[in-house]
Each structure stands twice: as C-alpha cells, then as structure tokens.
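J.: fold the following, please.
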Amino acid sequence: MNLLVTAGNTQTPIDDVRCITNIFSGRTGSQIAARAYERHHVVTLLTSHPEVLGGIPAHRPRSEPAWRVRTYRTFDDLETALREELAGRRYDALIHAAAVSDYRVAGVYTRRDGDTPEAPSGKRGKLKSHHPELWLKLVPTPKLVDKVRPEWGFTGVLVKFKLEVGLSEEQLSAVAETARVHSAADLMVANTLEGMHEWALVGAGEGGYRRVARPELPDVLLDAVESLGRQARLPK
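T.: Okay, the predicted model is just below:
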C-alpha cells in the first residue's frame with residue numbers, strides 16, 4: 001500500500017519569533033510510519049519533528065522512493081502539504097496522527113485607555129517586550145481531517161486520531177465513534193492524556209473498539225488498515 005502519515009504538532013505564530021503550540025512530538029505517528037515501512041509499504045511521512053526518527057530503530061535503510069519525509073512547522077504548512085500530497089499522488093491510506101492546532105492567532109492587542117483593546121505597534125516582526133499586558137485573539141482553525149474527503153476528494157482508508165482528558169474508557173469510545181462518523185473516517189485511534197503512554201482504543205462502528213497497549217499500536221492499526229485495503233480491492 002501507498003501510505004501517507006502525519007505526525008507531530010503544529011505552531012500558530014504570534015509574531016515572527018513567537019508561537020503557540022502543544023506538547024506532542026509526533027513519536028506515535030513516526031513509529032507507525034516506520035513500522036509500515038518495515039512491513040514493506042511505501043510511506044510518506046509529514047512531520048514537524050523529523051529528529052524523532054533517529055530514536056526509532058531501522059531494520060532496513062529508509063530511502064526514497066519507498067520512504068519520503070516532508071517537514072512542516074505551522075498549521076498552514078501542514079494544510080498545504082496535505083492538500084498537495086493528496087492531489088499529487090495516489091494514496092491507499094491516510095493515517096492522520098498529527099496534533100493539529102485548534103486555534104490560530106487572529107490579532108495581538110494591548111489594553112490602553114478604557115475597555116477597548118488596541119493593536120500594538122510592531123505586530124509583525126517581533127512584538128516589543130515593554131507592554132504591561134497583551135491579549136491574543138484566537139479563532140478556530142478548520143479541521144483538516146474534515147477536508148480530506150469533501151474538499152480534497154480522498155477515497156482511500158482514512159484513520160483519525162482523537163485525544164480527550166478525564167473520560168472513562170466507555171465515554172472515550174462513544175466520543176471517538178461520533179467523531180469518526182463526523183469525519184467519514186474508516187478507523188479511529190483514541191486515547192486520554194492520562195493514559196496516552198499506556199494504551200489507546202482502536203476501532204470503528206459495529207465492531208466496537210479494542211483497547212491496545214501502546215507498544216502494540218502500530219501493528220494493530222496497520223493490520224486493520226491492510227484489511228480495509230484488501231477489502232477495497234475486491235471485485236464489487
């Protein structure tokens with residue numbers, strides 16, 4: 001199979017030197033991509049942390065054309081890369097493990113006289129450090145996984161990832177299934193912040209969700225992706 005995998009976090013710039021991001025390094029997505037390559041799939045990895053690959057053992061040389069790594073930094077970078085890859089190559093599956101920013105900075109303000117925020121000078125470049133108070137206006141980013149089918153026309157196997165905080169396993173599986181259906185994804189990988197290093201839920205639909213130990217996640221997920229890929233190739 002020809003697989004596209006996303007991994008890592010995205011940055012939303014505040015100015016040219018500062019940004020908002022999240023804590024995720026892309027290790028899970030990189031492990032899945034590396035394992036897929038070991039299983040002799042053709043893999044393109046979009047990642048914001050290519051250095052993570054150095055800590056993942058390679059049992060055969062990772063080299064083009066069967067192994068490609070494309071880096072990104074910001075939300076806009078990842079959106080562009082996804083759109084270009086899905087338009088320019090035929091992928092059998094997209095495993096979208098990147099931790100994508102939910103908000104972008106729409107303005108940077110300082111409170112001056114009264115209650116009306118005003119934009120400080122020097123918004124571009126580097127914001128001055130003398131302001132006693134700065135306000136960030138954050139607006140939602142579009143959900144990239146929700147663009148994959150309706151806007152970018154992807155018809156292959158789509159795997160969506162979801163992280164929640166403070167949910168029970170039963171609650172997590174219900175939230176995961178609702179999110180999977182919303183994005184027209186074939187499979188969902190869901191976990192909690194508290195348990196993300198120990199386990200994840202993998203599954204879809206009537207078959208339900210299976211609790212998987214994190215070391216087993218790449219192979220369990222790839223088994224499911226390969227099974228769906230074989231089904232897609234069967235005569236109708």
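J.: name every strand pairing with the helix or strand that contains residue 105 and say which way it goes.
T.: Here residue 105, judged by DSSP states H and E, is contained in strand 103-111. The pairing partners recorded for strand 103-111 under DSSP bridges are strand 117-118 (antiparallel), strand 135-140 (antiparallel).
J.: you'd agree residue 42 is up against residue 3?
T.: Yes. Using C-beta atoms under 8 Å, residue 42 makes contact with residue 3 at a distance of 6.9 Å. C-betas here are computed from N, CA, C, even on glycine.
J.: neighbour-wise, which of the two wins?
T.: Ranked by neighbour count (other C-beta atoms under 10 Å), residue 42 and residue 3 place residue 3 first, with 26 against 18.
J.: give me phi/psi at that one?
T.: phi -110, psi 140 (degrees, to the nearest 10).
J.: likewise for residue 64?
T.: Per-residue torsions, residue 64: phi -70, psi 150 (degrees, to the nearest 10).
J.: pLDDT value on it, please?
T.: Looking at residue 64, its pLDDT is 93.
J.: got the domain boundaries for this protein?
T.: The record's domain split for the chain, according to automatic domain parsing, is 2-101+143-233, 103-140.
J.: mean neighbour count, the ones you listed: which tops it?
T.: Highest mean neighbour count among the domains of the chain (mean count of other C-beta atoms under 10 Å): domain 2-101+143-233, with a mean of 18.
J.: how long is it end to end?
T.: One end of domain 2-101+143-233 sits 13 Å from the other (C-alpha to C-alpha, to the nearest Å).
J.: same question for stretch 198-217.
T.: One end of stretch 198-217 to the other measures 10 Å (C-alpha to C-alpha).
J.: with stretch 13-32 instead?
T.: 28 Å.
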